[in-house]
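[1] kindly return the folded structure for what I paste below:
(chains A and B)
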There are 2 protein chains.
Amino acid sequence: MPLTFTPLPKIPLIHPGDDLAEILLASLQTARITPEDGDILVVAQKIVSKAEDRLVNLTTVTPSKEALELAKTSEKDPRLVELILHESRQVLRVRPGTIIVEHRLGFVCASAGIDHSNVMGEEGDPEDWVLLLPENPDHSALEIRRRIKLATGNRLGVMIIDSHGRAWRVGTVGTAIGISGLPGLVDKRGWKDLFGYRLKITIVAAADELAAAASLVMGEAAEGTPAVHVRGFPYPLREGSLSELIRPKSQDLFR
Amino acid sequence: MPLTFTPLPKIPLIHPGDDLAEILLASLQTARITPEDGDILVVAQKIVSKAEDRLVNLTTVTPSKEALELAKTSEKDPRLVELILHESRQVLRVRPGTIIVEHRLGFVCASAGIDHSNVMGEEGDPEDWVLLLPENPDHSALEIRRRIKLATGNRLGVMIIDSHGRAWRVGTVGTAIGISGLPGLVDKRGWKDLFGYRLKITIVAAADELAAAASLVMGEAAEGTPAVHVRGFPYPLREGSLSELIRPKSQDLFR
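    Predicted coordinates for the structure are as follows:
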């Protein structure tokens, strides 16, 4: 069976308090997609954060001494740096224009995933508004999944993704930051290859592989969409979580 | 338009000297897929390496002093370590069971991409045979692309992928190691978002995003396939190369 990523049409601009599950269901209907057990919905972090009102106005933020210092070396707005620090466990690298952190959710990313683009607050200068990642993206995914199960009876997986850079390669790739009802990893240890040998490279980051192509379909500009329907995921769905994908510090050779 | 990944059926076991382009064309026909301009074929490194006879029998390898030392700390076969060193520019990290290198092709990966699984040589103990990456995967991709253009008249992109680990996340993801006729990166600097702001995160590793999902479709075990047909890539095709995706050392914060 082919693996198919369909951009979901006519997702409106999302505002705090919006009901994402309802909006996704309406969009599926517009696209004439009847959900089936085993399908996966991939949702951009941005609209989840907006619906959950993770907007912060920078004029309300008072930078700490630590933030002021880090703002100098990173050449970033001290109020933004204050938020980055608040959302992070540890700062890993700083260069002009770049702050790489371990996010409080466990993954390593730039600027704690805090974003300016496409952010529109309720009032004031749009440049003052930034958007934090969802408080608990696994939970956000679970909520959408529950609501879709309730409305359609179908068992779908739901994933929330963001664009992350990589240590050694240029460009961002779509990456899972919240998972519900699908595997983060698929463990193939013990599987046999064509000759009956056991496979060597055998733990596949299936959710991240899915997130990458979903991100490609979303695009990031005006003509893009923040939600994608996936059919044909080649592994059985199960409970899953972001934590599967986070490399424990003890096994991290590159900090 | 949906983005669709179709596993190509009935790819036989590949042997040195096999004509991959012909095999792929036959498989497309079996799958009743008529190639169209803008389609992309994604091919697993393993079958390209085999067709190009990148098999090495470990009994023919004499480890150097450096390889013998590295074999001790990595707890790997000294003959395999000799090949890893030969295929690498620099060793970045060594732990029992793990050697992370900068491959001569520029990317960072484990064991220089040298693989045991699914390798069957012409004679002797199959455990003695290993498979190196293609000499020049961009060129291998170009050759397949040229042959398909010749046979069908269509302008396809061709990509060769392998499974790579990541610095901070568990599990492997499909990653581009050779590109012809499609962009490695899509540069969106200057694009506007929904409110007319310029986008911030704007260089997308489109080839890697495609490689990830293609890898998911390939699987890695007996029921898998080493080739995938992609339709609906949302950006125009152009000349491209692996080098776009390699972060220059001067910008690498994590060595």
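[2] which residues in chain A form helices?
    Under the criterion DSSP state H, chain A contains helices at A:20-30, A:45-51, A:65-74, A:78-86, A:137-152, A:206-218.
[3] nearest to chain B, of the ones you listed?
    Closest to chain B of the helices of chain A, according to CB to the nearest CB: helix A:206-218, at 3.3 Å. C-beta coordinates here come from the backbone N, C-alpha and C atoms, glycine included.
[4] circling back to that earlier point, can you add distance to residue B:57 and give the helices of chain A back as CSV?
    CSV is the format used below for the helices of chain A (distance: least, CB to CB, whole Å):
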stretch, distance to residue B:57
helix A:20-30, 54
helix A:45-51, 49
helix A:65-74, 52
helix A:78-86, 53
helix A:137-152, 48
helix A:206-218, 33
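[5] what's the most buried one of those helices?
    Highest mean neighbour count of those: helix A:206-218, a mean of 28 (counted as mean count of other CB atoms under 10 Å in any protein chain shown).
[6] hmm, that helix in reach of chain B?
    Yes - for helix A:206-218 and chain B, the contact criterion (CB under 8 Å from any CB of the partner chain) is met by A:206, A:208-213, A:215-217.
[7] kindly report the same for stretch A:225-238.
    Yes - with CB under 8 Å from any CB as the criterion, chain B is reached by stretch A:225-238 at A:232-234.
[8] poorly predicted segments of the stretch 101-250 of chain A, please.
    Within the stretch 101-250 of chain A, the segments meeting pLDDT under 70 span A:117-122, A:193-201, A:220-223.
[9] phi and psi next, for residue A:226.
    Dihedral pair for residue A:226: phi -90, psi 10, per degrees, to the nearest 10.
[10] my read: it touches residue A:215, true?
    No - using CB atoms under 8 Å, residue A:226 makes no contact with residue A:215, being 10.5 Å away.
[11] could you list the buried residues of stretch A:231-239?
    Neighbour-count burial for stretch A:231-239, counted by 16 or more other CB atoms under 10 Å in any protein chain shown, picks out A:231-234, A:237.
[12] how much space separates residue A:68 from residue A:92?
    20 Å (CB to CB, to the nearest Å).
[13] how is chain A divided into domains?
    Annotated domains of chain A cover A:4-54+A:133-243, A:55-131 [automatic domain parsing].
[14] list the beta-bridge partners for residue A:4.
    residue A:231, residue B:4 (DSSP bridges).
[15] burial of it, as a residue count?
    Residues lying near residue A:4 (other CB atoms under 10 Å in any protein chain shown) number 19.
[16] quick check, it in contact with residue A:231.
    Yes - the criterion here is CB under 8 Å, and residue A:4 meets it with residue A:231 at 4.9 Å.
[17] chain A: strands as residue ranges?
    Remark: strands assigned in chain A by DSSP state E are A:3-7, A:40-44, A:55-57, A:88-95, A:98-103, A:108-110, A:129-131, A:157-164, A:173-180, A:186-187, A:203-204, A:227-231.
[18] mind listing the residues bridging to the residue most central in space within chain A?
    Geometric centre of chain A, nearest residue: residue A:161, 2.3 Å, by CA atoms, centre = their mean. For residue A:161, the beta-bridge partners are residue A:44, residue A:176 (DSSP bridges).
[19] hmm, it is touching residue A:211, no?
    Yes - in this structure residue A:161 lies within contact range of residue A:211 using CB under 8 Å: 4.2 Å.
[20] what's the overlap in contacts for those two?
    Residues touching both residue A:161 and residue A:211 (CB atoms under 8 Å, 6 or more residues apart in numbering or on different chains) are A:42, A:174-176.
[21] compare the residues you listed and tell me which has the most neighbours.
    In the shared contacts of residue A:161 and residue A:211, the most neighbours by other CB under 10 Å go to residue A:176, 32 neighbours.
[22] ok, now which ones touch it?
    If you count contacts by CB under 8 Å, 6+ apart, residue A:176 has them with A:159-161, A:184, A:207-208, A:210-211, A:242, A:245.
[23] residue contacts, residue A:104?
    Neighbours of residue A:104 in contact, by CB under 8 Å, 6+ apart: A:87-89, A:112.
[24] so what's residue A:84 up against?
    By CB under 8 Å, 6+ apart, the residues touching residue A:84 are A:70, A:76, A:99, A:101, A:111-112, A:114.
[25] check what pLDDT it gets.
    Residue A:84 carries a pLDDT value of 98.
[26] again, but for the one 3 residues further on
    In the prediction, the pLDDT value recorded for residue A:87 is 98.
[27] show me what contacts it?
    With CB under 8 Å, 6+ apart, residue A:87 has these contacts: A:101, A:103-104, A:112-114, A:132-133.
[28] for residue B:190, see how far away it is.
    To residue B:190, residue A:87 is 28 Å away according to CB to CB.
[29] before we move on, what about residue A:245?
    Remark: distance between residue A:245 and residue B:190 (CB to CB) = 32 Å.
[30] of those two, which one has the most company?
    Of the pair residue A:245 and residue B:190, residue A:245 is the one with more neighbours under other CB under 10 Å, namely 25 against 8.
[31] would you agree that one is in contact with residue A:209?
    No - applying CB under 8 Å, one finds residue A:245 not in contact with residue A:209, separated by 11.0 Å.
[32] okay, and the common contacts of these two?
    Listed as contacting both residue A:245 and residue A:209 by CB under 8 Å, 6+ apart is no residue at all.
[33] what are the buried residues along stretch A:128-138?
    Within stretch A:128-138, the residues that count as buried by 16+ other CB under 10 Å are A:128-134, A:137-138.
[34] can you list those in CSV and add distance to chain B?
    Formatted as CSV, the buried residues of stretch A:128-138 follow (distance: CB to the nearest CB, whole Å):
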residue, distance to chain B
A:128, 13
A:129, 11
A:130, 11
A:131, 11
A:132, 15
A:133, 14
A:134, 18
A:137, 15
A:138, 15
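[35] how about the nearest residue to residue A:189 once chain neighbours are set aside, what does it touch?
    Closest residue in space to residue A:189, ignoring its immediate chain neighbours: residue A:202 at 4.6 Å, by CB to CB, 6 or more residues apart in numbering or on different chains. Going by CB under 8 Å, 6+ apart, residue A:202 touches A:187-191, B:220.
[36] residue B:50: which of the residues you listed is nearest?
    residue B:220 (15.1 Å; CB to CB).
[37] picking up where we left off before, include distance to residue B:15 when you put the strands of chain A into CSV, please.
    Listed next are the strands of chain A as CSV, based on distance: least, CB to CB, whole Å:
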stretch, distance to residue B:15
strand A:3-7, 29
strand A:40-44, 38
strand A:55-57, 59
strand A:88-95, 46
strand A:98-103, 45
strand A:108-110, 42
strand A:129-131, 54
strand A:157-164, 39
strand A:173-180, 34
strand A:186-187, 29
strand A:203-204, 27
strand A:227-231, 35
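[38] of all the ones you listed, which one is nearest residue B:12?
    Nearest to residue B:12 among the strands of chain A is strand A:3-7; the distance by CB to CB comes to 23.0 Å.
[39] chain center to that closest one, what's the gap?
    Put simply, strand A:3-7 sits 18 Å off its chain's centre (CA atoms, centre = their mean, to the nearest Å).
[40] list the contacts of that strand.
    The contact list for strand A:3-7 (CB under 8 Å, 6+ apart) reads A:31, A:33, A:42, A:213-214, A:216-218, A:224-225, A:227-234, B:2-5, B:213, B:216-217, B:232.
[41] between the contacts of residue A:202, which is nearest residue B:250?
    Within those, the smallest distance to residue B:250 is 34.8 Å, found for residue B:220 (CB to CB).
[42] done for today, thanks.
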